[in-house]
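Participant: Sharing a model that was predicted from the sequence below.
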Amino acid sequence: VVKLFGEYSHNKTKTDFSGIPPLPNAFGFTSPGANGALVGATVPVGPGLIRAVYTQVKYNNVTALNQLIPGLSPDPKSEKFALGYVYNLSARTAVYATAARIDNKGGADLTVGGPAFYAKPINGVVPTAKTSTGYDLGIRHIF
């Protein structure tokens, strides 16, 4: 039986300045946030299972400059696609493999399976990760 699943999320950041109103609010700026979506499927194939998932996150109102001059620079956005297969050796043991890739746009810097990308500024500009690819291989046994 093919199973489909999905999720949508919205996150809005609020900063506490310990009673001091932040300067951007004096100009009517909105707080930064993010919208995310996930769509996936699992498909049984023989004794195994194919898993596929697509996720996307877009950051909103990241800088005050973007709010002052709309369209000046795009809000950061990341997309990820992952494809995997689980092969059941027995009722309690399985081997699995997954490949995933993230594409970043507009200054987003998400990575697959590790710490966030970090680089020293070059001439005052901080480089960001454009893509990230990860692989996962393993064996699972339930005791």
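Facilitator: Arrived safely. Numbers count the residues shown, from 1 in each chain.

Participant: Could you find the closest non-adjacent residue to residue 42?
Facilitator: Nearest in space to residue 42, with sequence neighbours left out and distances taken as C-beta to C-beta, 6 or more residues apart in numbering, is residue 3 at 4.7 Å. Where C-beta positions appear, they are placed from N, C-alpha and C, glycine not excepted.

Participant: unless I'm mixing things up, the one you found is touching residue 49, no?
Facilitator: No - contact criterion C-beta atoms under 8 Å: residue 3 and residue 49 do not qualify, at 9.4 Å.

Participant: what's near enough to touch residue 36?
Facilitator: Counting by C-beta atoms under 8 Å, 6 or more residues apart in numbering, residue 36 touches 7, 8, 9, 10, 11, 55, 56, 57, 58.

Participant: List only buried entries from those.
Facilitator: Among these, those scoring as buried are 55, 57, 58 (criterion: 16 or more other C-beta atoms under 10 Å).

Participant: For this structure, spot the helix or strand the model is least confident about on average.
Facilitator: None of the helices or strands of the chain scores lower by mean pLDDT, DSSP states H and E than helix 23-26, at a mean of 53.

Participant: right, and the helix or strand after that helix?
Facilitator: Once the chain leaves helix 23-26, the next helix or strand it forms, by DSSP states H and E, is strand 33-45.
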